[in-house]
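# Prediction below, plus the sequence it came from.
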Amino acid sequence: MEYKSELIINTAKELKSKLSEASDKRAVLRAPELVALYDHLKTLPAGQPRAEFGREVNALKAELEKLIREAGQPKIEMEPIDITAPFDVNVAPADRPDLLPAETGSQHPLTTELAIILDIFARMGFTAVESRELDDDYHMFTSLNFPPEHPARDDYDTFVTDEGLIAPAHTSTMQNRVLLAGKGDLEAGKGIRAVIPGRVFRNEDIDARHEHTFTQLEGVYVDRGINAGHLVATIRAWLSSYYQRDIDIKIQPFYFPFTEPSFEFAASCPFCAGTGCNVCSHTGWIELGGCGMIHPNVLKEADIDSNEFSGFAWGFGIERLVMLKYGIEDIRHFHSGNLKFLRQFA
């Protein structure tokens, strides 16, 4: 690419010179010069100047990554692991009867409950597609109607590797892939119905309802003539099947770049009977997740005609669903490794 900004032209020359001399070429992607470009981007006025500069910075980074791939990296010789070596961790020490040996182990409650939820959706005609634990900027943001300078990106503060890969903050990173893969079924009149379970990661303040790592279930349904009524009916149906009873729910307007209109879906807090407590932040309701009608721009990105097809999507936290089902008051129990907690589900 031919760069227009003099700052980027000069930085590109410096970084390419470093690249030719570096033994660890990927370290160039963490060079202060490249970081300074992103810092400078934040100082530019919103609109065309910032957008143009941002495109050039991203193009430079992509060019450097291509040069690194073409140059290759020396292979690291690693000593093979002897899988036949004796291994006795399955035996609990005599002085620690509180430990569980492997032969008496059981599934984690999240694994058990997720299997139940996926079975419900299978009976409703949904296909399960596993999410990824590392993804790229395009699937995390761009394919979901987040332009490069969109302020809503800040709401999905997550973890990024030195190579620019992202620990997904939502399973919606799979939505574009599901839509593209389902185009044939859509045109054949079968529609697209998929649920996407996976772990997601966020830079969160930890409390009774929030964790930095949790399990999310994405749902996607696209066909002709789909409206918000279908969205509410589908969510009601699977929640009623999962809890084996009717629960008080409410839907309120919200904002997500990838759905329009967008909603928050909440259930009445079972710990305080709706009067307010620390689990529900004294609101009487526990938010289960976000949902809405898939934005036309998201459909367009997957080459689906939004004038002919419409659909809805949701993203619910599995931990919160399980908390409601079993009266678990703190989300941190799930990943605490507390055997007293886990034995309740063995």
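Yep, that arrived. As the structure is a computational prediction, the values presented were derived from the model and not from experiment. Residues are numbered from 1 along each chain as shown.

# now the stretch 101-250 of the chain, which segments are flagged as low pLDDT?
101-105, 150, 152, 155 (pLDDT under 70).

# Which stretches in it count as strands?
Along the stretch 101-250 of the chain, counting by DSSP state E, counting those that start in this stretch, strands occupy 127-128, 159-160, 166-167, 192-201, 213-223, 249-256.

# which residues are in contact with the third one?
Residues outside strand 166-167 that contact it (CB atoms under 8 Å, 6 or more residues apart in numbering) are E133, L134, D135, D136, D137, M140, T158, F159, V160, T161, V200, F201. C-betas here are computed from N, CA, C, even on glycine.

# What about the residues you listed, which one has the most neighbours?
Compared across these, V200 has the highest neighbour count, 24 neighbours, by other CB atoms under 10 Å.

# tell me, how many neighbours does F341 end up with?
There are 15 residues near F341, going by other CB under 10 Å.

# what's the answer for the one 4 residues further on, then?
Here the number of neighbours of F345 (other CB under 10 Å) works out to 15.

# just checking, it touches T112?
Yes. Judged on CB atoms under 8 Å, F345 makes contact with T112 at a distance of 6.7 Å.

# Relative to E301, which of the strands of the stretch 101-250 of the chain is closest?
Ranking those by proximity to E301 (CB to CB) places strand 213-223 first, at 12.9 Å.

# what packs against that closest one?
Under the contact definition 3 or more CB pairs under 8 Å, 6 or more residues apart in numbering; DSSP states H and E, strand 213-223 sits against helix 109-123, helix 175-181, strand 192-201, helix 228-243, strand 285-294, strand 310-317, helix 318-326.

# one more time with 10 Å
Strand 213-223 makes packing contacts with helix 109-123, helix 175-181, helix 183-187, strand 192-201, helix 228-243, strand 285-294, strand 310-317, helix 318-326 when contacts are defined by 3 or more CB pairs under 10 Å, 6 or more residues apart in numbering; DSSP states H and E.

# circling back to that earlier point, find the residues that touch each one of F345 and T112.
Common contact partners of F345 and T112 (CB atoms under 10 Å, 6 or more residues apart in numbering): S106, V322.

# which other residues reach the longest helix along the chain?
Identified as the longest helix of the chain according to DSSP state H is helix 48-71. Residues from elsewhere that reach helix 48-71 (CB under 10 Å, 6+ apart): 1-5, 7-9, 11-12, 15-16, 18-20, 22, 25-29, 31, 34, 37-38, 40-44, 137, 147-149, 163-164.

# Of the residues you listed, which belong to strands?
In this view, those have no member that belongs to strands under DSSP state E.

# Just the buried subset of those residues, please.
Neighbour-count burial within the contacts of helix 48-71 applies to 3, 5, 8, 11-12, 15, 18-19, 25, 28-29, 31, 34, 37, 41, 137; the criterion is 16 or more other CB atoms under 10 Å.

# circling back: please identify the buried residues of the longest helix of the chain?
In helix 48-71, counting by 16+ other CB under 10 Å, buried: R50, F53, G54, E56, V57, N58, L60, K61, L64, E65, I68.

# Which pair of the residues you listed spans the longest distance?
Checking the buried residues of helix 48-71 with CB to CB, the most distant pair is R50 and I68, at 26.9 Å.

# and this structure, what are its domains?
6-71, 109-345 (automatic domain parsing).

# Highest mean neighbour count out of those?
domain 109-345 (a mean of 17; mean count of other CB atoms under 10 Å).

# hang on, N176 packs against E301?
Yes. Here N176 reaches E301: they are 6.1 Å apart, a contact under CB atoms under 10 Å.

# and for those two, which residues touch both?
With CB under 10 Å, 6+ apart as the test, N176 and E301 both reach Y138, T142, S143, L144, F258.

# Dihedrals phi and psi, the residue most central in space within the chain?
Centroid check for the chain by CA atoms, centre = their mean gives H170 as the closest residue, at 2.1 Å. With angles defined as degrees, to the nearest 10, H170 sits at phi -160, psi 150.

# show me the residues around it that make contact.
Neighbours of H170 in contact, by CB under 10 Å, 6+ apart: 131, 140, 144, 156, 158, 196, 198, 200-202, 216, 218, 256, 258, 289-290, 315.

# Equivalent analysis for I294, please.
With CB under 10 Å, 6+ apart, I294 has these contacts: 144-145, 175, 179, 220-222, 226, 231, 258-260, 302, 304, 306, 309-313.

# Tell me what G198 is bridged to.
Beta bridges link G198 to Q216 when assigned by DSSP bridges.

# Endpoint to endpoint, stretch 128-141 covers what distance?
22 Å (CA to CA, to the nearest Å).
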